[in-house]
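sequence-free structure coming up:
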């Protein structure tokens, strides 16, 4: 993308006022987004994001600047402007960059840029037909298609000089079911860190029908009952509970400043002994995987909790300084417009010993959350909330009836302790996670689990 | 390359490539932000960025493309990208490129004085936020946010029908959040200020309010589940309004995604509710003389004393409904296709102060924050079920803080159940979906889940 000599000069300019570390992040991203409503392709947008972010550390201080203008003169100007935020004599006057070759474990077979738009539209049409044809109560189907091809150059004053490529593809299906004046919608959004070959691996019709089934089930469901009672959370996207309730609290962003309920608890029992959880950015072609993180550190499998004991955090370079620990390959950002920080990649609770059937048949009364919506957490207090997109009441060991509109609230650390059954059916789902360094693709996952009690916000039956 | 030169090259190359009509939407921004942690400048960010969105008609259909560099590569990328995207469109919607309104309103949203506030002054403000928060109460265990920022932006729109308009605005914010601790309980208090008059930014007041809110929540506990009369504080009320604002978009209505379809002229809210969209508001966070298609903006009531008066339109939806555009075409960014959003969108304030509303509530719950608006609220059905906290009110007085509850209801039913509208109109963060405001509202009843 750029010559080492130019990058070296920019890094040295950034360090001219006493900074002890400088980083250069350049991005050239091409992408396409298509939208289809009720079978008609309505919008097509394609484009190119291009820019450079420069970051400087001085101790725990950090300075970040970005620009779209990658000319030599402008980059040097931006580096000096950023450096002006610090003061001191230069500590580093020579940088030797070592070009490293990235080991690519996320192969791309069909580059999205080389696939005709009409082929992309054809996949969307298949999804539309499958969902629309599922049931008469389906009144609307919208389908989106997205691909991005991000090329990055990451260099720093420690000598790192790495180029990496991230190709991602995602399909989104939103089905709306109507009954009288009521409407309920359901979303499915399979995505992978790969090219158009994704559609050889996922069953587009099956996913679309599942969205339709969920919307129809919910439009015919009554409201979930309120109260504090057991909740069974299904696998795949159910893992959003761990992501929200615990994952964010294990990011160095909140741990380093002591702002997390998990600060200072390494080696302590923070979860039920049934819980082992990892964040693994190395799963080939998974949605949240990357060969290297956005600081150029190789991604890895980080065990967060083992048998209920807290083992580690997700750590970026800056917070590694604060914590006196090593970075864990967890530093990510939406684009050059964001300074990177510790984030999740593919985060999940590992498989346990039970089966889903055993969990249901051993439960007297519970809310069974078959599909979760999104959620959020306040890492400082650990309070989380999330929406149950598709729920059922389990009574006397059997699924009794569907219920809608439930919200789960609670304290992340408490819920972790209350997990009393874990099935073996680990699976993952895809999401976009928004936080300090922007919106990034992450996988969530878990097997089916049971929590002995959670506060369920619902509603009494409307009379 | 300079933007006018770039525009000329794109239009010339596009014409040679067979494009029938073309439009560029260019935006340029500068920003600064800084955060202080434990008296040190923890982060310091500066940026200068630009981008150009392009749309063009080819064989009757419209496609989009965008780029962030103004060079010859981008000229080709935009023209070829938009052409390829136009070729797969099968929607029959007619999209108009607008030649321009006969006149545009005078709108002020740029304050030159704000530009002169130095980085040192902003850092000093953030330092003061942190120091004042610690000084406000000894139970403050951490000030997890003490930050301030500034941004200015300029948009320029031009098309082959002769439209050429530009506009710029600037603004700043200050934010403080503190954790307060008493025994094992940790609570969070937070305040944000937005605006483009720096002289109104009062660090001490902001920090004290944030801390006071945090400490007021210590000792919170849940309540018994049931239906309660509710006072939604202004920030909770505008949060809900922002979440459900898409139901007022004609696009949602036409696509069958709004339950307000067919309700024009009907009573959809309590007679106390008047909902206004005012793009002309002086220094409003979403003020602008023209919208995302270059149509002149204007002030209008969307709900007038409970009655639904109009939906929000752009040119495409207006043509479908046989009405005039309301000037609400939006471009969330230069990358985004034309959509619809409100500008400065707010419920008109009433007479009663917040304290008078508490008294009028008599018995119920004041909600001062909700969590999960992006996940626990469904803009299609209007249903919401959200984590919440606030205070329990008995005999017109706050008796204790409340947490670990959820509050559930339906936005459309809520509009009809507004019993009182306060005088304390406040706006949230200006965003891509407009700048949304509300006074505090008393709602007849919502379903609360707790113990």
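Thanks, I have the structure now. Just so you know, these numbers come straight off a predicted model, no measurement behind them.

Report the secondary structure element holding the residue in chain B that chain A sits nearest to.
Proximity of chain B to chain A (C-beta to the nearest C-beta) peaks at residue B:406, 2.3 Å away. Using the backbone N, CA and C atoms, a C-beta is placed for each residue, glycine as well. Assigned by DSSP states H and E, residue B:406 belongs to strand B:397-410.

what's the next secondary structure element after that strand?
Assigned by DSSP H and E, the successor of strand B:397-410 is helix B:411-416.

Tell me the gap between that following helix and the middle of its chain.
Computed by C-alpha atoms, centre = their mean, to the nearest Å, the chain-centroid distance of helix B:411-416 equals 20 Å.

Also stretch A:364-378?
18 Å.

For the strand holding residue B:406, buried residues please.
Of the residues in strand B:397-410, B:401, B:402, B:403, B:404, B:405, B:406, B:407, B:408, B:409, B:410 count as buried by neighbour count, 16 or more other C-beta atoms under 10 Å in any protein chain shown.

what's the most distant pair in the residues you listed?
Greatest spatial distance in the buried residues of strand B:397-410: B:401 and B:410, 26.5 Å, computed using C-beta to C-beta.

And for residue B:181, the neighbour number?
Using other C-beta atoms under 10 Å in any protein chain shown, residue B:181 is surrounded by 14 other residues.

Could I get the buried residue list for whatever helix or strand it lives in?
Using DSSP H and E, residue B:181 sits within strand B:164-182. Using 16+ other C-beta under 10 Å as the burial criterion, the residues of strand B:164-182 that qualify are B:165, B:167, B:169-180.

circling back to that earlier point, touching, the residue of chain B closest to chain A and residue A:459? I think so.
No. Counting by C-beta atoms under 8 Å, residue B:406 sits too far from residue A:459 to count as a contact (9.5 Å).

Which neighbours do the two have in common?
Counting by C-beta atoms under 8 Å, 6 or more residues apart in numbering or on different chains, the shared contacts of residue B:406 and residue A:459 are A:226, B:385.

does whatever residue of chain A ends up closest to chain B have beta-bridge partners, and which?
Nearest residue of chain A to chain B (C-beta to the nearest C-beta) works out as residue A:457 at 2.3 Å. When assigned by DSSP bridges, residue A:457 has beta-bridge partners residue A:407.

circling back: check which helices and strands the strand holding residue B:181 sits against.
Applying 3 or more C-beta pairs under 8 Å, 6 or more residues apart in numbering or on different chains; DSSP states H and E, one finds that strand B:164-182 contacts helix B:112-115, helix B:119-136, strand B:140-159, strand B:185-195, helix B:203-216.

Which of those sits closest to residue B:51?
Smallest distance to residue B:51 across these (C-beta to C-beta): 10.5 Å, for strand B:140-159.

quick one: average confidence on the closest one?
Strand B:140-159 carries an average pLDDT of 96.

Just checking: what are the partner strands of that strand?
strand B:21-37 (antiparallel), strand B:164-182 (antiparallel).

Can you list the buried residues in it?
B:140-159.

so how far is stretch B:442-451 off the chain centroid?
With C-alpha atoms, centre = their mean, you get 26 Å for stretch B:442-451.

swap in stretch A:222-232?
For stretch A:222-232, the distance to the chain centre is 27 Å (C-alpha atoms, centre = their mean).

can it be found next to chain B?
Yes. Using C-beta under 8 Å from any C-beta of the partner chain, we find that stretch A:222-232 touches chain B at A:226, A:227, A:228.

Can you give the contact residues for that stretch?
Outside stretch A:222-232, the residues that reach it (C-beta under 8 Å, 6+ apart) are A:359-360, A:363, A:365-369, A:388, A:391, A:393-394, A:401, A:403-406, A:408, A:448-462, B:225, B:406, B:408, B:447, B:449, B:451.

Kindly report the same for stretch B:252-261.
A:37, A:139-140, A:176, A:178, A:181, A:183, B:246-249, B:268, B:308, B:311, B:317, B:320-321, B:379-382, B:412.

can you give me the end-to-end distance of that stretch?
9 Å (C-alpha to C-alpha, to the nearest Å).

now check the helix or strand encompassing residue B:79, is it near chain A?
Assigned by DSSP H and E, residue B:79 belongs to helix B:72-87. Yes. Interface with chain A: helix B:72-87 contributes B:74, B:77, B:81, B:84, B:85, B:86, B:87 (C-beta under 8 Å from any C-beta).

Got the domain ranges for the chain?
Answering for chain A, as no chain was given. As assigned by automatic domain parsing, chain A contains the domains A:4-220, A:223-457.

oops, I was thinking of chain B
B:3-87, B:112-216, B:226-449.

and these as TSV, adding distance to residue A:82?
Compiled in TSV, the domains of chain B are given as follows (distance: least, C-beta to C-beta, whole Å):
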stretch	distance to residue A:82
domain B:3-87	6
domain B:112-216	12
domain B:226-449	24
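
Which of those sits closest to residue A:428?
Of all those, domain B:226-449 comes closest under C-beta to C-beta, at 18.6 Å.

what is the rounded mean pLDDT of the closest one?
Per-residue scores along domain B:226-449 average to 95.

cool, stretch A:170-181 as well?
On average, stretch A:170-181 scores 94.

near chain B, anything from it?
Yes. Stretch A:170-181 reaches chain B (C-beta under 8 Å from any C-beta) through A:176, A:178, A:181.

got it, and stretch A:126-136?
No. Applying C-beta under 8 Å from any C-beta, one finds stretch A:126-136 separated from chain B by no less than 11.7 Å.

now what about that stretch, what contacts it?
Taking C-beta under 8 Å, 6+ apart as the rule, stretch A:126-136 contacts A:36, A:38-39, A:138, A:141, A:143, A:171, A:173, A:175, A:177, A:204-209, A:211-213, A:216.

got the buried residues for that stretch?
Neighbour counts over stretch A:126-136 (16+ other C-beta under 10 Å) mark A:126, A:127, A:128, A:130, A:131, A:132, A:134, A:135 as buried.

Name whatever forms a beta bridge with the residue of chain B closest to chain A.
residue B:387, residue B:449.

Pull the contacting residues for it.
Contacts of residue B:406 (C-beta under 8 Å, 6+ apart): A:226, A:385, A:407, A:409, A:455-458, B:385-388, B:448-450.

what's the answer for residue A:82, then?
A:14, A:54, A:55, A:56, A:63, A:64, A:65, B:44, B:46.

Around the spatially closest residue to residue B:328 that is not a sequence neighbour, how many other residues sit close by?
Setting aside the residues directly before and after it, residue B:328 is nearest to residue B:312 in space (C-beta to C-beta, 6 or more residues apart in numbering or on different chains), at 4.0 Å. Residues within reach of residue B:312, counting by other C-beta under 10 Å, total 29.

Tell me the spatial nearest neighbour of residue B:436, not counting adjacent residues.
residue B:242 is the one closest to residue B:436 (C-beta to C-beta, 6+ apart), at 4.2 Å.

Could you list every helix and strand in contact with the strand or helix carrying that neighbour?
Under the criterion of DSSP H and E, residue B:242 resides in helix B:234-244. Judged by 3+ C-beta pairs under 8 Å, 6+ apart, the packing partners of helix B:234-244 are strand B:344-347, strand B:364-371, strand B:383-394, helix B:411-416, strand B:426-427, strand B:435-438.

And the next helix or strand past that helix?
helix B:250-254.

would you list every one of the helices in the stretch 201-350 of chain A?
Using DSSP state H, counting those that start in this stretch, the helices of the stretch 201-350 of chain A run over A:204-219, A:240-242, A:252-255, A:317-323.

For those helices, give me TSV that also has distance to residue A:72 and mean neighbour count.
Putting the helices of the stretch 201-350 of chain A into TSV (distance: least, C-beta to C-beta, whole Å; neighbours: other C-beta atoms under 10 Å in any protein chain shown) gives the following:
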stretch	distance to residue A:72	mean neighbour count
helix A:204-219	47	22
helix A:240-242	45	28
helix A:252-255	34	26
helix A:317-323	26	21
